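[1] Model the following, please.
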Amino acid sequence: MDDKRELRRRMLDRLRHLSRAEKQAYDRRIAAYLYEWPQWQKAQVIAITVARETEVDTVPIIEQAWREGKKVGVPKCNPLTKTMTFRQIQSFTQLEKAYAGLLEPIEEQTVAIGRDEFDLIIVPGVCFTKNGYRIGYGGGYYDRYLPGSAAVTAALAYSFQVVDDIPVEEHDVPVGFIITDQGVIHCGR
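    Next up is the predicted model:
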């Protein structure tokens, strides 16, 4: 567990030190690979977070999804139960700053999307292995949400976030694909 914490800390530190220009160039390349990816093109209903500053910028990705007529679900976290639900947003004005400073849907302005409705779930993380395991932010929300979902799962990551090895626990749920600035990694699931 300390290994995970240390890996998370070191990677977040590296992410914070990316220059704005480097980050924007990486983000554009990742988005380009994502839009060309057949799983993205087929997906009609996608789950995605509104990224924090150290993550691949998802605002243009959400805007692209809307332009393509996709339905976009953003998570609403319950910190007491460490669970989340997804709600459809059609505008960024339907978001508010909530748990851990994340932008989450305003419940009164949005409708729930069930787990079985998603074609593609984009899972956030700090670092990943080529076989799809990840270190997230420590809450375990996605490890609780993903079991039982038939959706394709993918992560967006800078190529340096893909590492050789991370500690894996029994409850960890790997993603099927990682979209990086160097292309799409099929995690073999």
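[2] distance from the centroid: which residue in this protein tops it?
    For the chain, the largest distance from the centre (C-alpha atoms, centre = their mean) belongs to E108, which lies 24.0 Å off.
[3] That one in helix, strand or coil?
    What DSSP: H, G, I helix; E, B strand; the rest coil gives for E108 is helix.
[4] what's the weakest-modelled helix or strand in this structure?
    helix 2-16 (a mean of 89; mean pLDDT, DSSP states H and E).
[5] Next, the angle from the very next helix or strand once past that one to helix 2-16.
    Sequence order places helix 20-36 as the next helix or strand after helix 2-16, per DSSP states H and E. Here helix 20-36 runs at an angle of 110 degrees relative to helix 2-16 (axes from the mean of the first three to the mean of the last three C-alpha atoms, to 10 degrees).
[6] mind starting the numbering at 679 from now?
    Shifting the count to begin at 679 puts that one at helix 698-714.
[7] Following helix 698-714 in sequence, what is the next regular element?
    That would be, after helix 698-714 and using DSSP H and E, helix 716-720.
[8] Name the next helix or strand following that next one along the chain.
    strand 723-725.
[9] what does the next helix or strand after that following strand contact?
    Remark: after strand 723-725, the chain's next helix or strand is helix 737-745, criterion DSSP H and E. Identification of contacts with helix 737-745 by C-beta atoms under 8 Å, 6 or more residues apart in numbering yields 705, 709, 712-713, 724, 726, 728-729, 750, 767-768, 770, 800, 834. (Glycine included, C-beta is placed from N, CA and C.)
[10] Work out the gap between helix 737-745 and the centre of the chain.
    Offset of helix 737-745 from its chain centre (C-alpha atoms, centre = their mean, to the nearest Å): 14 Å.
[11] Keeping just the C-alphas, turn it into CSV.
    Provided in CSV are the C-alpha atoms of helix 737-745 (Å, rounded to 0.1, in the frame of the first residue of the first chain):
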residue,chain,number,x,y,z
VAL,A,737,-13.2,19.6,-21.8
PRO,A,738,-12.4,19.5,-25.5
ILE,A,739,-13.2,15.7,-25.5
ILE,A,740,-16.6,16.3,-24.0
GLU,A,741,-17.3,19.1,-26.5
GLN,A,742,-16.3,16.7,-29.3
ALA,A,743,-18.6,14.1,-28.0
TRP,A,744,-21.5,16.6,-28.0
ARG,A,745,-20.6,17.6,-31.6
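[12] Okay, buried residues for it please.
    Neighbour-count burial for helix 737-745, counted by 16 or more other C-beta atoms under 10 Å, picks out I739, I740, A743.
[13] how much does that helix deviate in direction from helix 698-714?
    30 degrees.
[14] The next helix or strand after helix 737-745 pairs with which strands?
    Using DSSP H and E, the next helix or strand after helix 737-745 towards the C-terminus is strand 749-756. Using DSSP bridges, the strands paired with strand 749-756 in its sheet are strand 723-725 (parallel), strand 761-767 (antiparallel).
[15] Tell me which residues are up against the longest one.
    Same thing as strand 761-767. By C-beta under 8 Å, 6+ apart, strand 761-767 touches 725, 740, 749-756, 773, 783, 785, 788-791, 793, 796, 819, 822-823.
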